[in-house]
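Participant: Pasting the sequence and the predicted model now:
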Amino acid sequence: MRIMALDVGEKNIGVAVSDPLGITAQGLKVMRRSNIKKDLVQLRELVKEYDVAKIVVGYPLNMDGSPGNKAREIMNFKDKLAQAIPLPVVVWDERLTTVSAQRTLLEAGVRRSDRKKVVDKVAAVMILENYLRSKPSMDERNGDRVK
């Protein structure tokens with residue numbers, strides 16, 4: 001079961017997808033936003049192409065954990081996404097993922113102009129990795145202790 005993660009911004013949407021077993025996350029692309037209708041069509045095509053079973057949308061909470069204006073916008077986007085694509089769509093705390101993505105790219109020596117092109121994709125990977133880590137492994141679900 002593949003899971004797709006989205007880092008939704010004003011201008012771009014970073015997209016990441018898990019492997020079929022839901023263990024690892026890979027950056028897929030950065031979509032340039034145009035309008036909600038076209039954005040949803042592009043996302044529907046990616047869901048079909050990668051056989052996605054669930055979508056995780058980054059949820060930008062304030063540092064104190066409270067939802068701000070951007071969080072309300074994301075919930076609106078999530079609701080439209082859920083109407084357009086009949087899959088489970090959940091939100092996941094994305095606090096500091098973009099900052100972490102920037103830091104990771106900077107430490108890797110990626111130039112500023114190149115960082116801007118991929119930071120949303122890297123943030124989507126981080127959102128998905130955090131989400132995947134929060135889920136119990138198959139062994140844990142079966143009652144086996146994981147070492």
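Facilitator: That came in fine, so what should we check first? Quantities reported herein were computed from a predicted structural model and do not represent experimental measurements.

Participant: out of all of them, which helix in the protein is the longest?
Facilitator: Ranked by residue count, the top helix of the chain under DSSP state H comes out as helix 112-134.

Participant: Who are the packing partners of it?
Facilitator: strand 2-8, strand 12-18, strand 25-32, strand 52-59, strand 89-93, helix 97-107 (3 or more C-beta pairs under 8 Å, 6 or more residues apart in numbering; DSSP states H and E). Every C-beta, even on glycine, is put in place using the N, C-alpha and C of the backbone.

Participant: ok so Asp79 is a strand residue?
Facilitator: No - counting by DSSP: H, G, I helix; E, B strand; the rest coil, one finds Asp79 to be helix, located in no strand.

Participant: from the chain's centre, how far out does the longest helix of the chain sit?
Facilitator: Chain-centre distance of helix 112-134: 8 Å, with C-alpha atoms, centre = their mean, to the nearest Å.

Participant: Mind listing what's buried along that helix?
Facilitator: Buried residues in helix 112-134, counting neighbours by 16 or more other C-beta atoms under 10 Å, are found at 115, 118-132.

Participant: gap between Gln83 and Lys121?
Facilitator: Distance of Gln83 to Lys121, computed by C-beta to C-beta, to the nearest Å: 25 Å.

Participant: Likewise for Val41?
Facilitator: 20 Å.

Participant: cool, and Asp51?
Facilitator: Where Lys121 is concerned, Asp51 sits at a distance of 20 Å (C-beta to C-beta).
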